[in-house]
Structure formats: C-alpha cells, structure tokens
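>>> My questions concern the predicted model and sequence given below.
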Amino acid sequence: SDRKVNITNLKASKNIIKVINEEFINNSIHQCPKKYNYLNDPRIIYVINLMKTLKKEKFLLICHTKEKVKEILRVLKQKVHIKIAEFHEELSLIQRDRNAAWFSEEDGARLLLCSEIGSEGRNFQFSHHLIFWDIPFNSDLIEQRIGRLDRIGQKHTIHIHIPSIQHTFYSILTTIFHEGFDIFNNTVPGSSEIFKITSNDILNLLKGDKIQDNTLYQEVKNLIQTIKE
C-alpha cells in the first residue's frame, strides 16, 4: 500500500521536554517502566484535533508500553467523548479479542490504543490511520507498527501521523528515521542491519546535553548522510 507521512512539529514547555527526554532514556536505554503524566502533553491535543478533523476515520495509536496506554486513555477520557479501546499485554486474550472486534465494528471504537507487545501479530487493515505516540529506538519495531495496517487487504493509502515535540530525542529520531532511512515511507530492505551499524552513533548523539544545541542538528545531518551512503 502507499504511505503518506504527516510529521507535525509541536512546541512544549522546557519542563515537558525534559520529562519526555527522561521518558525516552527510560524506555530505550534502561527499559524501565515509569509513571507518566500526559495531562499537559501537546500530543494529547494533537490526537483530539486529528480525530475532530477526520471525523469518520478510525485511528490506531501505538506507544511503547502498557503504562503509556493507560495514561493516554485516562487523560483522553477527561478531555473528550470518543469511543476508545485499549489493547495491551495486561489484558486477557478474550479482552483483547473483544476490544479488537469493537474497534473493527463500523459504529465501534474510533481509537485503539496499543502497546508495542499488544499489537504484535494483529492486523487492523480496516483502518488506515496510524499515530506514533513515541518513536521506538529500533527500526524493526517501526516496521512492525506500520505492518499492523500495511497488510494484504489494505485498500487505502496509509496515513502515518507523527506528533513530534521539538527539542526532544523523539524528534531527532524521527528526523533520522525519516530522512536517513526513509523508513516511514517505504519498507526498506536491510534497514535493521543499517540500524545495528549506526545505533551506537545515534545513541551517542542523544546522550549529551546538546539537545538544544544547533551543532546537534548538524551532527544529525552528517549521520543521515552516512546512512544514505
């Protein structure tokens, strides 16, 4: 299927940026779950506006952990009246099947919130809108997320929506994966090999305190050039 990538740059306070960058480090490097608070996160408003703009569409939102799914659900329920289903590894298989079925019904859930593990092996090709809440530090996981919709039987262009908060590690990763790997637009043969080779360089870029520094973006561009070669 054809894919269309919509990357939207969002502004956030320094405090929110700091929290999101800590979240990235926790998820990508230490692999530890954390308590989340998305009440003032600009991605919430982004999701609400997207669903208001495209009133008839169903959306699959994938994020890294079940803790994030629960927090996104909690905040959205406070702010908006839409039918939302959740799908993660803490639910029983029966609950997951029920929620997936509810999402597939014409008058069912409009938004399905999925954790990484929760979405494995599931196909939701009746939807053609995918929201990346966060960006996994792993090219295979990106392909896997898109693969939930990009299946045989998908009749539409797949719209990939990426709310990218400026000055966060996620925004840098988005740039690297989009401009360097072109992974959102296409299935890229060998992308996981390229990622293995470059992952240390990418991590080193993200480890310093250079997130607000313009030299970082030059280094990102240099790295993208290396990947392309």
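Yep, it's here. Bear in mind that the values here come from a model prediction, so they are computed numbers and not experimental data.
>>> Show the low-confidence segments of this protein, by residue range.
29-33, 118-119, 151-154, 208-217 (pLDDT under 70).
>>> Mind listing what's buried along the longest helix seen in it?
With secondary structure taken from DSSP state H, the chain has its longest helix at helix 191-207. For helix 191-207, the neighbour count (16 or more other Cβ atoms under 10 Å) marks 191, 194, 195, 198, 202, 205, 206 as buried. Using the backbone N, CA and C atoms, a C-beta is placed for each residue, glycine as well.
>>> Name the residues that touch it?
Helix 191-207 has contacts (Cβ atoms under 8 Å, 6 or more residues apart in numbering) with 24, 29, 137-140, 143, 169, 172-173, 176, 181, 183, 188, 216, 219-220, 223, 226-227.
>>> Stretch 48-56 too?
Applying Cβ under 8 Å, 6+ apart, the set of residues contacting stretch 48-56 is 57, 59, 76, 79, 80, 82, 110, 111, 129, 131, 161.
>>> before we move on, back to that, what about the contacts of helix 191-207, which are in helices?
Going by DSSP H, the helices hold 24, 139-140, 143, 169, 172-173, 216, 219-220, 223, 226-227 from the contacts of helix 191-207.
>>> Which one of those is nearest to residue 98?
Ranked by distance to residue 98 (Cβ to Cβ), the ones in helices among the contacts of helix 191-207 are led by residue 143 at 27.6 Å.
>>> surely that closest one meets residue 187?
Yes: counting by Cβ atoms under 8 Å, residue 143 touches residue 187, with 6.6 Å between them.
>>> Between those two, which has more neighbouring residues?
Neighbour tally, residue 143 and residue 187, criterion other Cβ atoms under 10 Å: the higher count belongs to residue 143, 16 against 11.
>>> Relative to residue 137, how far out is the more buried one?
Using Cβ to Cβ, to the nearest Å, one gets 14 Å for the distance from residue 143 to residue 137.
>>> go on, residue 19?
For residue 19, the distance to residue 137 equals 18 Å [Cβ to Cβ].
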